[in-house]
Structures are given as C-alpha cells and as structure tokens.
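> Dropping the sequence and predicted coords here.
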Amino acid sequence: MTYTFDFSFLAEYWPELLSGLMQTAQLSILSIIFGFLLGTVLAVGRTADSKAVRRICAIYVEAIRNTPLLVQMFMIYFGLASIGFKLSAEFCAVLAIVINVSSYTCEIMRAGIESIKKGQLEASDCLAMSWWQRLFLIVLPPATERVYPALVSQFILIMLATSLVSQISAEELTSTAVRIDSMTFRSFEIYTVIAVIYIALAFVFRIGFWALSQLVFPRLRRLGTPL
Amino acid sequence: MSPIVKLNKVSKSFGSLNVLQGVSFDVAQGSVVAIIGRSGSGKSTALRCMNGLEKINGGEITVCNHHLHQNVTKAQLRALHLDVGIVFQSYNLFPHLTVGQNIMLAPKWVRKQSKAEAKDLAAEVLGKVGLAEKFDAYPEQLSGGQQQRVAIARSLAMQPKLMLFDEVTSALDPELTGEVLKVMENLAKDGMTMVLVTHEMAFAKGVGDKVIFMHQGKVWEEGDGEILSAPQTPELRQFVGNGL
Amino acid sequence: MLTSFQIQALLVAALWTAGLSLIAFSLGGAVGLLIAVMRVSANRVLRAISFTYIQIVQGTPLLVQMMLAFFGLSILGFSIEPFTAASAAMVIYSSAYFGEIWRGGILAVPKTQWEAAECLALHPFQRFWLIIVPQGLRISTPPTVGFMVQIVKNTSLASVIGVAELTYTSKLINNSTFQPFTVFSLVAVLYFCMCYPLAWWSRKLEDKLNVAHR
Ligand SMILES: Nc1ncnc2c1ncn2[C@@H]1O[C@H](COP(=O)(O)OP(=O)(O)OP(=O)(O)O)[C@@H](O)[C@H]1O
Ligand SMILES: [Mg+2]
C-alpha cells in the first residue's frame, strides 16, 4: 500500500464545508420540527375513534415506512417537476424528509398516547375538559415525555438521512463533499472528514435534545425520573 | 325540596351481563348517601352512570337538573361535569403536573378563570384538605393518602354541587384512610351533597344520612345508618356479619 | 408506459437488491453477533472497542459509509467493484445496529437464568453460548426482523456508487422515459413487496412475545 493521505485541501475548502454543515443542520431542524408535528397529527389519527381515520393513517404510515427515502425523494423531485411544479431541490428535500420522518414519529407517538391510562382520560372528562383540552393538556405532554428518548434516536437518524438530498442536488454537507471531491480528487480524505463532522453533529444534536428536554419537561428537570 | 339526584329504574348491562337491574333511589340536597354491597354488586357502575361515564340502557337519571338517558350528547355530559365532581379509587392525578397545576388546570381552562383567581382557589381547597404546603410537589412525591386528598381538592376547585366518591380509601392503609375520611367528614359538615361507595361500615353508619345496600344489581335494602345494626334481609345480615 | 424490456430490467435489479440485503443480513448478522458479545464482555478493552465501533457507524450516514468503502477499498489496492464496496458498507452498517439490538436482548435475559446456568455446572463459555445467547436472540427477534426492513430499504443507497440495483436502474429508466411517477411508483411497490412481509412478521413476533410475557 503506497497511498499517502493528504488533507491539505482543507485549508482552502473549509469555509465551504462549514456552510455545508450549516445547511445540513438547518435542513435537519426544519425536517424534525415539521415531521414531528405531522407525525403527532397522524398518531392522533391512528388512535382516533373513527375507524376510517385510523385506517387512512395506517395505510399512509405503512406505505412510507416500507419504501426507501431515496425513492420517495426521486418521486417528489422528478415527479412534481414532470407535472409542471418547479420547486427548488431544497424544498423537495424537506418535503420528502418530513413525509418520511412523520411516519416514524407517528408510530413512536402512538405508543406514547396508548401508554396514557384510561383513568387519566376519565378524570379529564369529569373535569369538563373538551376534546382539545384533553389532548393538549392531559394526553400529549406525558405521551411525548415518555417516548422522548425514542424520538431523539429517530431524529438523529433523520439528521444522518439528510445526506440523501445530495442525490437531488440540494445543497448540504454531503453534496459539498461531492463537489470538493470532484475538484481535488482526495475522495477518501474528504469523506473521512465529513464522517467526522457528522459524528460531531450527532453529538451536538444529542446535547441539544437533552437541553430541550430539560426546558420542556419541568417534571423531568425537577425529579430526573422517567414518567 | 326536590332531590338533587334521582335514579328511576336504571338498568345497565355489559354485553349479556346485567349489572344494574332497575335501580331507583334519591339523594336529597345536602345529604350524604353511602352505597355498600359485595364486590360485583354494581356499586361502581351505579356511581359511574350518575356521572355519565357509563351510558345507561334503560330508565332515567336526573342529576342537578341534567337528564341522563340512552342518547345523551357530549355537550350535555360536559354541562353535567361542571356540576358534579368525582374522586376515583386510583386518584388519577395528572403525573406531569404539580399538585397546584393539577388543581388549577380545570378552573383555568374550563372555567376560564385568571391565573391569580385559579391560584387563590387552589390554595384555598388545598388548605381544606390540609395540604397547603404541597402546592409545588409532584404527585409521585406524595403518599397515597395525600394524593387522594389532592384529588378531592382538584374536584372541589370546580365548585361542584354534588361529589361522588368511589371507594376512595380502599387502596390506602388504615392510617392514611383515616386522614382521607376526616376530609370527607368535614365536607359533609360543610353541607356538600355526597354519594359514596365505601367498604368503611363505621363511616357509612356515622356520616351517611342514608345507606343503600346493593345486591345483584338491585337496591336490596335502604334506610338510615340503623339498617346496619338491624338488617331486614338475610343478605344484608350476612354482609354486615362479614364486614364488621 | 414501460416496455417489457424495462420491466424485466427492474425485476433483475430487484434480485440485486435482494442479494445485497441477504449479504447484509447474514454477514452483518455474524459480525453483529461478535459486536454484541464484545459489548457485554467482561473485558474492558473489548467493550471499549465495540462501543466506539457502534458510535462511529451509528454517527455517520450510510451514504458516506458507501463512499468510504468504495474509495477505501481502492486505496487498499482492490479493484473498484461497486457491488463489493456496497456489500462491505452494508455489512459494517448492519453489524453495528444488529450488535446494539442483540446487546439489548442479551441484557434482557433474566438474572435468574444466569444463576440457573451457573448451578448446572456448565463451563462459563457454555453457559453464555448455550443458555444466554439463544434466549437473548429470541427476545430480540422482533426488532431484528424490523431492522431487516431498514436493510432492504437502505440497499437503495448502493445506487450512489453505481450498483445496478432497483433504485439505480429506476433512475436510468426514468432518464430515458421521463415518466417519474410511473417508474418510481412501480419501484416503490417492488420495495413494498419485499419490506411489508418483514414488517408484518416483526409485528406478529412482537405480539407473540408480549403475550408470552404477560
Ligand atoms: N367495563 C366493563 N365491561 C364489562 N363488565 C364490567 C365493566 N365494568 C364492570 N363490569 C362488571 O360489572 C359487574 C359490577 O361491577 P362494579 O364495578 O359495578 O362492581 P362493584 O360493586 O363496584 O364491585 P367492587 O366492590 O369490586 O368495586 C362486575 O361483574 C364487573 O365485572
Ligand atoms: Mg367498585
């Protein structure tokens, strides 16, 4: 083996990597926020009284979860363009990831919602709360707190999956690496560098989600015990 | 004065199991009615029907001028719940909220009270159950008896005209039972109308203005506390014999 | 609409997807078992190595792992064969997840089983491999089968280094026909047919395990 590693290109290209990193972070956070919201709506649908609503949500979730994100992305990006919607690659990327992550969030949140005991629902009904009040005050907060660790794992996976948007030429860390590779031909080195950046970003996300949990779950902050 | 609660030939079944078979009784304004009976005799079901938690299959219930029948709507039930409080055996406090938040929740969101109003009210009802200092604690930091008293306070904060209690002490050991019964006794003294399902015979006899013995889904015997000393039916005699 | 030749090409491509998945299941499973055992080993060094391995693999995108395998193999002096590189990446990727799933299963074996095994006067090695590991694997069958769905779907990333599996082939066909909805829907259906039975099976196993534990 006579290969010599050469990372000198970093001196010239680090600003591009930095902006790629920022784009990846931005893309991830946007997808996580909207994916969580849509997934929660779906989870409420999955546990609704109406059988038809439950069915529709189940079909959506199964269809999304059993097909690859990359294919979903192509379908949205090339498909929408073919019927005349000229949307930016970034928008299509977020749309595809949101749809994808919402189906996983749905299943996780559903487990959380189903963990709420019947007595809690009866108690809120007997306090004359409306359906909405019951959902937002009694059901969703503890449900979310209970499945939060699973949600975080899913969100980290989604952050990593944003690398796929390089395949529809949206700008982020991996597509930046592809571009630098084509100019420097230091393929192995550049992908090693972004691998390290992804590991660091995953670490930062974990810390961020921990901090967020301390902020939004006061009981957890005070007692530190699982709900 | 017309009764605040009136059950008229109420029947309720779960599938083929007829749990209530023509139950009728009245509850007078300001009185305490104790329902006793064997496990499975339909006591909880009767209480839950009075609060609309179970839909009845036949007969009629009138509670605080709300009429419950087979086709009662969600809106009618909500209106009923504004007037009737219920306390469960399993407390059912909201685990993610502090004691104070548990109590203020409904006054704030349902009664649309201001935060300050709700807070004063919460402090007041917590004082009534002797837990003023637990305002910022979480339910899991309290003993069973304390949690049950918070549940009573949470119901009181809605200023109900009628309170229902379903075996609120049966999950507690004797010492904790005593502190919860004390709170209920004080409520009775304050003139609250109460219907309670209980296994505490001494309490039923001492505090109850009326005692109802249920057996096989029917009101088997009813009267003041003295029916426990001088039962008319062999079933109640046997029940009292075992119970005391 | 697609020509019969194109449909045939997609079906052949589906075989490559299935083949790549099988390699990831089997070799990834073998390496994953090793990782799981290292994770629960008494030896600190082994635990540290396997922990780091999992952290690195689970902290980087599979797409980047594909690239690294592709260019890394050539640095090591192997000729650049996309299918080999994709297989290597898939094995590394799946081994880390299998390792983590099975570690959980092994740790979930009740303490009493370890004690019972000790009373049988079995050698520690036999104790672990004959009593604990089989039970740990059984406990973790539902998530294992569930992860197989991820494997099948993630073989789609092999397309970025030029493996002619389903996704790559569908992109080629789309480039020539420009009927993205038709092409990608058909491909999605093919993936669905491979994934859904696994997802369904995983759910059945889970239900069965829940009943058994009740
Ligand atoms: N939701 C339900 N579905 C089916 N059967 C029920 C349901 N709730 C109660 N039952 C049945 O109805 C009967 C009466 O139950 P209920 O809870 O009213 O009895 P109880 O007098 O309160 O007894 P306990 O003293 O044990 O609380 C029991 O046989 C019970 O199994
Ligand atoms: Mg009962």
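Alright, I've got the coordinates. A quick note: this is a predicted structure, and the numbers were derived from the prediction, not measured. Ligands and ions are numbered 1, 2, ... in the order given.
> List the buried residues in stretch B:119-136.
Buried residues in stretch B:119-136, counted by 16 or more other CB atoms under 10 Å in any protein chain shown: B:119, B:121-122, B:125-126, B:128-129, B:131, B:134-135. Yep, even glycine has a C-beta here, placed from its N, CA and C like the rest.
> can you put those in a markdown table and add secondary structure?
Below are those laid out as a markdown table (DSSP: H, G, I helix; E, B strand; the rest coil):
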| residue | secondary structure |
| --- | --- |
| B:119 | helix |
| B:121 | helix |
| B:122 | helix |
| B:125 | helix |
| B:126 | helix |
| B:128 | helix |
| B:129 | coil |
| B:131 | coil |
| B:134 | helix |
| B:135 | coil |
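> I'd like those residues laid out as TSV, including pLDDT.
Formatted as TSV, these follow (pLDDT from 0 to 100):
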residue	pLDDT
B:119	96
B:121	96
B:122	96
B:125	96
B:126	96
B:128	93
B:129	94
B:131	95
B:134	96
B:135	97
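> And the lengthiest helix in chain C, what does it pack against?
Taking DSSP state H as the criterion, chain C has its longest helix at helix C:4-39. Secondary-structure packing of helix C:4-39 (3 or more CB pairs under 8 Å, 6 or more residues apart in numbering or on different chains; DSSP states H and E): helix C:44-59, helix C:82-108, helix C:133-139, helix C:141-154, helix C:166-177, helix C:180-212.
> One more pass at 7 Å, please.
For helix C:4-39, the contact count by 3 or more CB pairs under 7 Å, 6 or more residues apart in numbering or on different chains; DSSP states H and E identifies helix C:44-59, helix C:82-108, helix C:141-154, helix C:166-177, helix C:180-212 as packing neighbours.
> With distance to residue B:91 added, can I get these in TSV?
Compiled in TSV, the helices and strands packed on helix C:4-39 are given as follows (distance: least, CB to CB, whole Å):
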stretch	distance to residue B:91
helix C:44-59	41
helix C:82-108	31
helix C:141-154	34
helix C:166-177	54
helix C:180-212	27
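> now the strands: where do they sit in chain B?
With DSSP state E as the criterion, chain B has strands at B:5-14, B:17-27, B:32-37, B:58-63, B:66-68, B:84-87, B:162-166, B:193-197, B:210-215, B:218-223.
> Residue B:100: which of those is closest?
Counting by CB to CB, residue B:100 lies closest to strand B:84-87 out of those; the figure is 18.0 Å.
> So the closest one, near chain A or not?
Yes - part of strand B:84-87 sits near chain A under the criterion CB under 7 Å from any CB of the partner chain, namely residue B:86.
> Residue of chain B nearest chain C, please.
Chain C sits closest to residue B:90 of chain B, with a gap of 20.5 Å, by CB to the nearest CB.
> my guess is that residue meets residue A:117, correct?
No - in this structure residue B:90 lies outside contact range of residue A:117 using CB atoms under 7 Å: 8.3 Å.
> When the two are compared, which one has more neighbours?
residue B:90 (19 against 12; other CB atoms under 10 Å in any protein chain shown).
> Name all residues that make contact with the more buried one.
Applying CB atoms under 7 Å, 6 or more residues apart in numbering or on different chains, we find residue B:90 in contact with A:119, B:171.
> any weak-confidence spans in the chain?
I went with chain A, as the question did not name one. Applying pLDDT under 70 to chain A flags residues A:1.
> Oops, wrong one, chain C.
The model of chain C has pLDDT under 70 over residues C:213-214.
> Spell out which parts of chain A neighbour chain C.
Residues of chain A lying close to chain C (CB under 7 Å from any CB) are A:1, A:3, A:62, A:65-68, A:70-71, A:74-75, A:78-79, A:82, A:160-161, A:163-164, A:167, A:174, A:187-188, A:191-192, A:194-195, A:198-199, A:202.
> Of the residues you listed, grab the buried ones for PyMOL.
A single PyMOL command selects the buried members of the residues of chain A next to chain C (16+ other CB under 10 Å):
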select buried, chain A and resi 62+65+66+67+68+70+71+74+75+78+79+160+161+163+164+167+174+187+188+191+192+194+195+198+199+202
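> thinking again about what came up before, go through the helices and strands packed on helix C:4-39 and name the closest to residue B:165.
Distance to residue B:165, taken as CB to CB, is lowest for helix C:180-212 among the helices and strands packed on helix C:4-39, at 35.4 Å.
> So which other helices or strands are in contact with the closest one?
Counting contacts by 3+ CB pairs under 7 Å, 6+ apart, helix C:180-212 packs against helix A:69-82, helix C:4-39, helix C:141-154, helix C:166-177.
> could you give the angle of the first one to helix C:141-154?
Compare the direction of helix A:69-82 with that of helix C:141-154 by axes from the mean of the first three to the mean of the last three CA atoms, to 10 degrees and you get 40 degrees.
> Give me the contact list for helix A:69-82.
The set of residues external to helix A:69-82 that reach it, using CB under 7 Å, 6+ apart, is A:87, A:89, A:92-93, A:95-96, A:99-100, A:161, A:164-165, A:167-168, C:156-157, C:167, C:171, C:174, C:178, C:180-181, C:184, C:187-188, C:191.
> elements contacting the following helix or strand past that helix?
Sequence order places helix A:89-114 as the next helix or strand after helix A:69-82, per DSSP states H and E. In terms of contact count using 3+ CB pairs under 7 Å, 6+ apart, helix A:89-114 is assigned the packing partners helix A:9-46, helix A:51-65, helix A:69-82, helix A:140-161.
> Looking at those helices, spot the one closest to ligand 1.
Ligand 1 lies closest to helix A:51-65 among the helices and strands packed on helix A:89-114, at 20.4 Å (CB to the nearest ligand atom).
> hmm, who's touching that closest one?
For helix A:51-65, the surrounding residues in contact (CB under 7 Å, 6+ apart) are A:42, A:45-46, A:48, A:99-100, A:103-104, A:106-107, C:196, C:199.
> Repeat the analysis, applying 6 Å as the threshold.
A:42, A:45-46, A:48, A:103, A:106 (CB atoms under 6 Å, 6 or more residues apart in numbering or on different chains).
> can you dump the C-alpha coordinates of that helix into PDB?
Output in PDB follows, covering the C-alpha atoms of helix A:51-65 (Å, rounded to 0.1, in the frame of the first residue of the first chain):
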ATOM      1  CA  LYS A  51     -62.200   3.500  12.100                       C
ATOM      2  CA  ALA A  52     -61.900   5.200   8.700                       C
ATOM      3  CA  VAL A  53     -59.500   7.800  10.100                       C
ATOM      4  CA  ARG A  54     -57.400   5.100  11.800                       C
ATOM      5  CA  ARG A  55     -57.300   3.100   8.500                       C
ATOM      6  CA  ILE A  56     -56.200   6.000   6.400                       C
ATOM      7  CA  CYS A  57     -53.400   6.900   8.800                       C
ATOM      8  CA  ALA A  58     -52.300   3.300   9.000                       C
ATOM      9  CA  ILE A  59     -52.100   3.000   5.200                       C
ATOM     10  CA  TYR A  60     -50.000   6.200   4.900                       C
ATOM     11  CA  VAL A  61     -47.600   5.000   7.600                       C
ATOM     12  CA  GLU A  62     -47.200   1.600   6.200                       C
ATOM     13  CA  ALA A  63     -46.700   2.900   2.600                       C
ATOM     14  CA  ILE A  64     -44.000   5.300   3.800                       C
ATOM     15  CA  ARG A  65     -42.200   3.000   6.200                       C
END
